[in-house]
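Q: Here's my sequence, what's the structure:
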Amino acid sequence: MFDNLTGKLQDALKKLRGQAVLSESNIAEAMVEIRDALVDADVNLEIADEFIADVRQSCLGANVLRSVTPGQQVVKIVYDKMVEFMGEAEAPLASDGKPTVVMMVGLHGSGKTTTTAKLAIQLKSKNRKVLMTACDVYRPAAIDQLEILGRDNGIAVHAERGNPDVCSIAANAIAEARANQFDYVLLDTAGRLQIDEPMVQELVRLKQISGAHEILLVADAALGQQAVSVAKHFNDALVLTGIVLTKLDGDARGGAAFSIRKVTGCPIKFIGVGEKMENLDVFHPDRMAGRILGMGDIVSLVEQAAEKFDREETEKLQQKLRRNEFDLNDFLGQLKQMSKLGGIEGILKFLPGGSKLAELPELDAKHFKRMEAIISSMTKKERENVETIDMSRRKRIAKGSGCQLEEVSRLIKQFSMMKNMMKRSGALSRMVSGGGMPSLDLGTPGFRMPTLRGSNYTPPKKKRKKHK
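A: Numbers count the residues shown, from 1 in each chain. Now for the predicted structure:
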């Protein structure tokens, strides 16, 4: 979502890092490039100018100009200002009501109903009892959509077909939630245009009757600078408590995330980063600033891994590694675990310099998909013992997976070499304690095993053939 902005900011800051001494001229040149990058990413023009003015003033301070590493100081200043503009810290969802009422508002097509279900799923994962309420009585099939999402994810839904009064629907839902000890009531309201004053006034009445503790604007990040004006309009009418930015996984340039907080004063509480129901993340300004500047976000990656990885399966894998019984069944399981984090692309976006790593052919997501297809085309016994896979079996596997015979042979060869190397070098104990597993490279013609640092293993010398 921020690839273009990240690339341009890195190029601008790279020039300053290489400067032994900073001057007003080279700082001014870099500031022009940073401003252009922000505007190109759909950051509000006034916000971009204000940001650049703040950064320039801080960069020209005596402590920076006389610093041993002035370029690094500038990077830190840019990072700190980004965090300041997007919010100093995460803004948690209110939990001071019994039940806590949350209104979901926004334009047509911004993804309110889906986001309502995503938020309910996230709250449910934290052992909160949630009631979703269908307050969209205008859009055809809106009630059906919410009921299906509730049924598929085990979340209660309050709906009143034929009742056009959204205020009475909300009041009845809150009464039901109070009687049944629900923690949250999520009101999925109808989409409306900014200029549709009667519809906006309906939201005002709904807010008054429901006593909503949270009013979240669901805004499409692809709207760019228009998302800021939309947020300002709804904030003037309802006094928003937070923003949910959706569709940040698409071609959105991300500028709305940078400027919407500064314009409205409303914190961004959640971001939608995918179509799956679990793809709703809490917004952390400091982590987002790090990702925009190419510094990565290891903390979020670790949190997601801890949440989505199967702990029992991980412990079984560690035991098999200790006994040197790791096979392709286990490797396939690890590939599927990795897909829970969004595949290799999902992991790389959290790593420092991940956008550059993603360009490497060895880390092409298609290679990992082909690996999974090849292993899935094997029988269970073949995965347990790759030595049994002869040429006829390899041809069958290649045909079943839709891959080339050479790719099947390469995967088998690399896996066998990896196991032998780990066994000889004693790498298994280090892997179990957190050293990680060497990567298989399906796409590179010549196999090169990564060096295991600290290993006492030295490859055996090749015997020379004697010529007669």
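Q: Tell me, how many residues neighbour Asp327?
A: The tally of other residues near Asp327 (other C-beta atoms under 10 Å) stands at 16. For every residue, glycine as well, the C-beta is placed using N, CA and C.
Q: Start and end of stretch 207-219, how far apart?
A: For stretch 207-219, the first-to-last residue distance is 19 Å (C-alpha to C-alpha, to the nearest Å).
Q: which parts of that stretch are buried?
A: Using 16 or more other C-beta atoms under 10 Å as the test for burial, stretch 207-219 gives 207, 210, 212-219.
Q: The stretch 101-250 of the chain: strands as residue ranges?
A: Counting by DSSP state E, counting those that start in this stretch, the stretch 101-250 of the chain has strands at residues 130-135, 156-158, 184-189, 214-220, 242-246.
Q: would you list these in a markdown table and tack on mean pLDDT?
A: Converted to a markdown table, these look like this (pLDDT from 0 to 100):
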| stretch | mean pLDDT |
| --- | --- |
| strand 130-135 | 96 |
| strand 156-158 | 96 |
| strand 184-189 | 95 |
| strand 214-220 | 91 |
| strand 242-246 | 89 |
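Q: now the ones you listed as CSV including distance to Ile77?
A: Below are the strands of the stretch 101-250 of the chain laid out as CSV (distance: least, C-beta to C-beta, whole Å):
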stretch, distance to Ile77
strand 130-135, 42
strand 156-158, 49
strand 184-189, 40
strand 214-220, 29
strand 242-246, 25
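Q: Between those strands, which one is closest to Ile47.
A: strand 242-246 (14.8 Å; C-beta to C-beta).
Q: other SSEs contacting the closest one?
A: helix 112-125, strand 214-220, helix 255-264, strand 268-272 (3 or more C-beta pairs under 8 Å, 6 or more residues apart in numbering; DSSP states H and E).
Q: Need the contact partners of the second one.
A: Right, the one you point to is strand 214-220. With C-beta atoms under 8 Å, 6 or more residues apart in numbering as the test, strand 214-220 has contacts from 93-94, 100-107, 109-112, 115, 207, 227, 230-231, 234-235, 238-247, 252, 256, 260, 266, 269-270.
Q: circling back to that earlier point, I'd like to know which of the strands of the stretch 101-250 of the chain lies nearest to Gln334.
A: With C-beta to C-beta as the criterion, Gln334 lies closest to strand 242-246 of those, at 31.0 Å.
Q: How about residues contacting that closest one?
A: By C-beta under 8 Å, 6+ apart, strand 242-246 touches 91, 93, 104, 110-111, 115, 119, 214-221, 227, 231, 256-257, 260-261, 264, 266-272, 280, 283.
Q: If we use 7 Å, what do you get?
A: Here strand 242-246 makes contact (C-beta atoms under 7 Å, 6 or more residues apart in numbering) with 91, 110-111, 115, 214, 216-221, 231, 256-257, 260, 266-272.
Q: Could I have the buried ones of the contacts of strand 214-220 as ChimeraX selection syntax?
A: Selection of the buried residues among these in ChimeraX, burial being defined by 16+ other C-beta under 10 Å:
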select :93,94,100,101,102,103,104,105,106,107,110,111,112,115,207,227,230,231,234,235,238,240,241,242,243,244,245,246,247,252,256,260,266,269,270
